[in-house]
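Visitor: next input, structure requested:
(one chain, ligands or ions: 1)
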Amino acid sequence: MSTRQAYPHYSKRLHESLDGLWDFRFLGENPDLGALDLKNMVYDDFMPVPGVFDATPKYAGKRGAALYRRKVRTEPFSRIKLKIGGLGLWAGVFWDGKSVGTIDLPYSGVELDFPSGDGSEHELVILIDNRFDFKRTPLFSQYYDFYAYGGIYRSVELHQLPECSISRARATTLDIGTGLISLNIELTGQVPSKLAFKVAFDGGPAEEFHEPVNGGHVQIKLKVPDCKSWSPARPFLHTVTVSTEDDEITERFGVRTVKAEKGKVLLNGEPVKLLGYCRHESHPEFGPVQPLGLLIEDLQYLRDLGCNFIRGVHYPQNQVFLDLCDQMGFLVWEESLGWGNIPQHFADKGFCEAQLRQTRLMVRNSFNHPCVIIWGFLNEGPSDIASSRELYSGLISTVRSEDPSRLVTYASNRENDLFFEMPDVVSLNIYPGWYAIDREKPRPLDEIIPCFEKFIADIGRRGLGDKPFIISEVGAGAIYGWHDRFRVHWSEEYQADYLDIVANYAAGNPKVAGISLWHFADARTYTSSYALLRPRAINDKGTLDEFRRPKMAYEVVKRAFRRGNPSNDIHIGGVGPVGFEPTTRGL
Ligand code: ADA
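Guide: Numbering: from 1, shown residues only. Predicted coordinates for the structure are as follows:
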């Protein structure tokens, strides 16, 4: 096993990226997993990791189970941590033929910790199952409006851990003026009652500490030397290296504060208007896998559009994407997986438990990204039903107990929402003039602004006027290249006229704290007859199509957003004044 240059932060730890070509076997659409014989399995194909088999031509659209296999080398009898950045929909992980864990949280970054056993060469097998099964994978249902892919969506790493290892060091800004932060160091394995360790910032001199360990955590406060705060205009990043006798990690973080006050979102004490898009991790050829080049391309477009804000829908985001947002100064809403869940889901213990677990994990995994300013969950859940209260309040308190330093919200589509009092930000998904009130009116664009105004007046009357209000979704479909002199639904003209109204309204109205238009790029969705609502079986409301070709609305939105947020021009095409290697993060 080698210590790869790509991950310079774990200098004392043997680790390896397992990305690359793996052996592959599709087990069929209805395999008997109980009778799985891994020992005599014939692998008759290969697949890339990260990669999804059901986006490839040979296995396109298949639902069933598949095996991914590769050989790995470790020192005998070592402690192993397998880090998987995200997969779907369900996985069983086998080490030398024995199960070492299962993964039931699609899109979540997970870690499995287990002993390597005897010998130095091992077989690692990941069984992927992309069939819908509410009992096993309660978080993904077939009716969700985005395609549920099968495969390993993100990078896989193998670490050989010392007996006591540092799993995370989470930095929270306490004061931007003095650079005071609190550092929460999390340990796993054989944890001592007192820990001797060193802390160094930005590769500078280390300070020594000897502190008590409580429940696997050490908490200290310290000042970042020569501290520079992080903001969209100056996305300055620091690194912190924590080392013990046996282990060392380096995490990258930013010093900045986020608050909600008098209807505004404040960043470092200053109001910031959030102008941007919802973005799916989706590509017609790679599915949910996000090649670095694609991420750069998307972020360049978003910057050019004058955006400073991205709502990452509808699941925990790729860590590399968040790294780039840190570097480019984008502000991000990250949310856990959910889509129009129904009261029957809320009545299911397994669903509620998985919601809480994945949301906690998302906050922990993305904690050090300064770009993330808002945590969200349960897109368009049943928030108008009293019995949903327990899960909504449970998720809010889970987020707040993990991270009181950011804002929490959820995207509601219920104007009679019962829980808007609980989150920090009121967020509404609303499609006036698309899913129109008067279905007989041609081009019902005049319905848009009155709908927004009514909602703002309603929340004001409800006493919620002091909470920032975000239009978390709004949009209209357009088929790329489809032009029509009547400028009707599905034409690029209708979408451009629609987004012109919406983007200018949000950019110019002080009562709107932010907007994330639905959506950045077209994305694959239903293969069932739900697709009758979605021409081409694609959600066509992208301002760009699925191959990132701008539609007419592109220039319209760009004009409105740039007028609303002229400071966004600062970094067009660049990564900000301070360039950092994206690989210096801890995760
Ligand atoms: C909802 C949902 C999106 C998408 C959108 C649409 O608001 O949150 O995921 O389905 O509607 O296109 O209608």
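Visitor: phi first, then psi, for whichever residue of the stretch 401-550 of the chain sits closest to the ligand.
Guide: Across the stretch 401-550 of the chain, the shortest distance to the ligand (Cβ to the nearest ligand atom) belongs to residue 429, at 4.1 Å. In short, each C-beta sits where N, CA and C put it, glycine included. Note on residue 429: its backbone torsions stand at phi -90, psi 120 [degrees, to the nearest 10].
Visitor: the closest residue to residue 508 other than its chain neighbours and the ligand, how far apart?
Guide: Leaving aside its sequence neighbours, residue 508 sits nearest to residue 564 (Cβ to Cβ, 6 or more residues apart in numbering; 6.5 Å). Computed as Cβ to the nearest ligand atom, to the nearest Å, the residue 564 to the ligand distance reads 23 Å.
Visitor: please apply the same query to residue 313.
Guide: 6 Å.
Visitor: re the thing from before, for the residue nearest to residue 508, grab phi and psi.
Guide: The phi/psi pair for residue 564 (degrees, to the nearest 10) is phi -70, psi -20.
Visitor: would you mind naming what in the protein lies close to the ligand?
Guide: By the rule Cβ under 6 Å from any ligand atom, the part of the chain lying against the ligand is 145, 379-380, 413, 429, 473, 518, 539, 541.
Visitor: so which of these belong to strands?
Guide: Taking DSSP state E, the ones among the residues of the chain next to the ligand that sit in strands are 429, 473, 539.
Visitor: low-confidence stretches in the protein?
Guide: 1-12, 566-587 (pLDDT under 70).
Visitor: what are the buried residues along stretch 483-491?
Guide: 487, 489, 491 (16 or more other Cβ atoms under 10 Å).
Visitor: are any of the ones in strands among the residues of the chain next to the ligand buried, and which?
Guide: Counted by 16+ other Cβ under 10 Å, these give 429, 473, 539 as buried.
Visitor: and whichever residue of the chain sits closest to the ligand, how many neighbours?
Guide: Residue of the chain nearest the ligand, by Cβ to the nearest ligand atom: residue 145 (3.4 Å). For residue 145, the neighbour count with other Cβ atoms under 10 Å is 18.
Visitor: quick one, what contacts the residue lying closest to it once chain neighbours are set aside?
Guide: Leaving aside its chain neighbours, residue 145 sits nearest to residue 525 (5.2 Å; criterion: Cβ to Cβ, 6+ apart). Going by Cβ atoms under 8 Å, 6 or more residues apart in numbering, residue 525 touches 145-147, 531, 534, 537-539.
Visitor: and residue 553, what does it touch?
Guide: So residue 553 contacts 478, 492, 495-496, 498-500, 543 (Cβ under 8 Å, 6+ apart).
Visitor: quick one: which of those residues sit in helices?
Guide: 492, 495-496, 498-500 (DSSP state H).
Visitor: tell me the one of these nearest residue 78?
Guide: If you rank these by distance to residue 78 using Cβ to Cβ, residue 499 comes first, at 54.9 Å.
Visitor: ok, now how distant is the closest residue to that closest one other than its chain neighbours from residue 447?
Guide: Of all residues not flanking residue 499 in the chain, residue 553 sits nearest, at 4.5 Å (Cβ to Cβ, 6+ apart). For residue 553, the distance to residue 447 equals 18 Å [Cβ to Cβ, to the nearest Å].
Visitor: on the three-state scheme, the closest residue to residue 407 other than its chain neighbours is what?
Guide: Ranked by Cβ to Cβ, 6+ apart and with sequence neighbours excluded, the top spatial neighbour of residue 407 is residue 424, at 4.1 Å. Secondary structure, DSSP: H, G, I helix; E, B strand; the rest coil: residue 424 is coil.
Visitor: adjust the sequence numbering to begin at 29 for everything that follows.
Guide: Shifting the count to begin at 29 puts that one at residue 452.
Visitor: which residues sit in contact with the most centrally placed residue in the chain?
Guide: In the chain, the centroid-proximal residue (Cα atoms, centre = their mean) is residue 345; its distance is 1.9 Å. The contact partners of residue 345, by Cβ under 8 Å, 6+ apart, come to 309, 360, 362, 394.
Visitor: touching, the residue nearest to residue 536 and residue 537? I think so.
Guide: No - using Cβ atoms under 8 Å, residue 592 is not in contact with residue 537, being 9.5 Å away.
Visitor: ok so, going back, let's see which of the contacts of residue 345 end up in strands.
Guide: Short answer: the contacts of residue 345 in strands (DSSP E) are 360, 362.
Visitor: if you rank the contacts of residue 345 by neighbours, which is first?
Guide: residue 362 (27 neighbours).
Visitor: ok, that residue - contacts?
Guide: Counted by Cβ under 8 Å, 6+ apart, residue 362 has contacts 340, 344-345, 350, 390, 394, 400, 402-404.
Visitor: can you tell me which of those residues end up in helices?
Guide: Judged by DSSP H, the contacts of residue 362 include 350, 390, 394 as members of helices.
Visitor: pull out the buried residues from the strand ranked longest in the chain.
Guide: In the chain, assigned by DSSP E, the strand with the most residues is strand 192-203. Neighbour-count burial for strand 192-203 flags 192-202 (criterion: 16+ other Cβ under 10 Å).
Visitor: apart from its neighbours in sequence, what residue is nearest residue 339?
Guide: residue 544 (3.8 Å).
Visitor: thought that neighbour was touching residue 361?
Guide: Yes - at 6.9 Å, residue 544 and residue 361 qualify as touching, with contact defined as Cβ under 8 Å.
Visitor: between these two, what contacts are shared?
Guide: Contacts common to residue 544 and residue 361, judged by Cβ under 8 Å, 6+ apart, are 337-339, 500.
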